[in-house]
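K.L.:
build the 3D model from these lines:
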Amino acid sequence: MSAPSLDDTAREAIRWMVLLHSGEASQQERRGFDAWLMRDERHRTAWQHLTGPVANALDPIRTLNQHAPGQAYAMADAMADAKSRVQRRRRVLRGALALGGVSSGAVALLQRFDPLQNAFADFHTATGQRQRFELADGSVLVLNARSAADVKFTPTRRQVSLRMGALIAEVQPDLQRPFCVSTAFGDIQALNSDQQAKFLVRNQQDDCVVAALDQALQITPKQGAQVRLPPGSVIRLSNHGINPTFESAASAAAWESGRVAVYDQPLGEVIEAMRPYRAGLLRISSAAASLKVYGSYPLDDTDEALRSIAETLPVYVHVHSAGWLVRIELA
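P.N.:
So this is what the prediction gives:
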């Protein structure tokens, strides 16, 4: 039932191409690419397969640079600076990959494994990957699968911006620099800077979930007044303010140990939690999604989780294309 894997080397080659053609690669990153290229014959083969047609398309620029050293690169830099960083990245993905013979289907496939928009994040994870990242102050970010975050530390503030997915912050005390996680819906800050704190933030389509796992938090919505969130509490933060939720803190953080745990919650929430762990598509009907369920399902083996759902709930689980598409409907 599992969808097939995408070759890691091909993914790395595409990431390098995106970075090197984005106009944002530093000298250190260029040296890192050279080292990656020389490390393994498979790296060179993947790079040649990806960039061969691109190299041919860029021959006129190389010719110009031979006759007027540096001029072609200066022109390229000037053209790149004419657009925003986001536009440059989109141009790379749509143009360079297409020139390289990478079809839109292949790009979509890569997107299912490792979202390309996360390639420039300070920390990010791929599909099915959880990872702990230690920060400069000794704090730790635990990223759920298919998640991304940026970190900016200043003399007065420790800031984490959650781009996508979910994180658990294990915060070290620092009286001079509060620790804050920013989302599209507001900011979450550990309230007691003189104590260790642990809290969860999970981005969703229309809101984000915040759980105070041990210490109290200060929530500052984009709209509305600040709110103190007591230890063990969970809320939903949206553009309309703060709303309660029936999800427990333990349930919200269960992904850290590779489980999704639900207690009288919709089946749709189980499927939503499984999506970052499966490269293929998971589709569920509205009727099936509204079923209330209890239980704990493995995230690291979504095949087993789907079998358990099919065996214990009044639903049909239809598997197509070797697991690339799964449809769940009410029986």
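K.L.:
pLDDT weak spots in this structure?
P.N.:
By pLDDT under 70, the low-scoring segments of the chain are 1-7, 18-19, 21-24, 50-119.
K.L.:
give me the most central residue, it.
P.N.:
Among the residues of the chain, the one closest to the centroid is S147, at 2.3 Å (Cα atoms, centre = their mean).
K.L.:
which residues touch it?
P.N.:
Contacts for S147 (Cβ atoms under 8 Å, 6 or more residues apart in numbering) come out as N118, H124, T125, L162, R163, M164, G165, A166, L167, P276. Where C-beta positions appear, they are placed from N, C-alpha and C, glycine not excepted.
K.L.:
how much space separates it from Y277?
P.N.:
Here S147 is placed at a distance of 12 Å from Y277 (Cβ to Cβ, to the nearest Å).
K.L.:
packing partners of the helix or strand harbouring Y316?
P.N.:
Element membership for Y316, per DSSP states H and E: strand 315-320. Judged by 3 or more Cβ pairs under 8 Å, 6 or more residues apart in numbering; DSSP states H and E, strand 315-320 is in contact with helix 302-312, strand 325-330.
K.L.:
can you add distance to S248 and give these back as a markdown table?
P.N.:
Output for those, formatted as a markdown table (distance: least, Cβ to Cβ, whole Å):
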| stretch | distance to S248 |
| --- | --- |
| helix 302-312 | 20 |
| strand 325-330 | 24 |
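K.L.:
of all these, which one comes closest to E134?
P.N.:
With distances scored as Cβ to Cβ, the stretch of these nearest to E134 is helix 302-312 (28.6 Å).
K.L.:
other residues contacting that closest one?
P.N.:
For helix 302-312, the external contacting residues (Cβ under 8 Å, 6+ apart) are 1-2, 260, 267, 270, 274, 277-278, 295, 297-299, 315-317, 319, 323, 326, 328.
K.L.:
repeat for stretch 221-237
P.N.:
Residues outside stretch 221-237 that contact it (Cβ under 8 Å, 6+ apart) are 183-186, 188, 191, 207-220, 239-245, 247-249, 252.
K.L.:
in strands, which of those residues fall?
P.N.:
The strands, defined by DSSP state E, take in 183, 186, 188, 207-212, 217-220, 241-244 from those.
K.L.:
what subset of those residues is buried?
P.N.:
With burial judged by 16 or more other Cβ atoms under 10 Å, the buried subset of those is 183, 186, 188, 207-212, 217-219, 241-242.
K.L.:
the stretch 101-250 of the chain: helices as residue ranges?
P.N.:
Secondary structure of the stretch 101-250 of the chain by DSSP state H, counting those that start in this stretch: the helices cover 104-113, 249-252.
K.L.:
distance check, the closest residue to L267 other than its chain neighbours against V317.
P.N.:
In space, and not counting its chain neighbours, L267 is closest to L291: 4.4 Å by Cβ to Cβ, 6 or more residues apart in numbering. As judged by Cβ to Cβ, L291 and V317 stand 13 Å apart.
K.L.:
V140 pairs with what?
P.N.:
Under DSSP bridges, the beta-bridge partners of V140 are E134, E170.
K.L.:
contacts only, for it.
P.N.:
Contact analysis of V140 by Cβ under 8 Å, 6+ apart lists R132, F133, E134, A169, E170.
K.L.:
repeat for G128
P.N.:
Going by Cβ under 8 Å, 6+ apart, the list of residues near G128 reads A145, P276, Y277, R278, A279, D300.
K.L.:
thanks a lot, catch you later.
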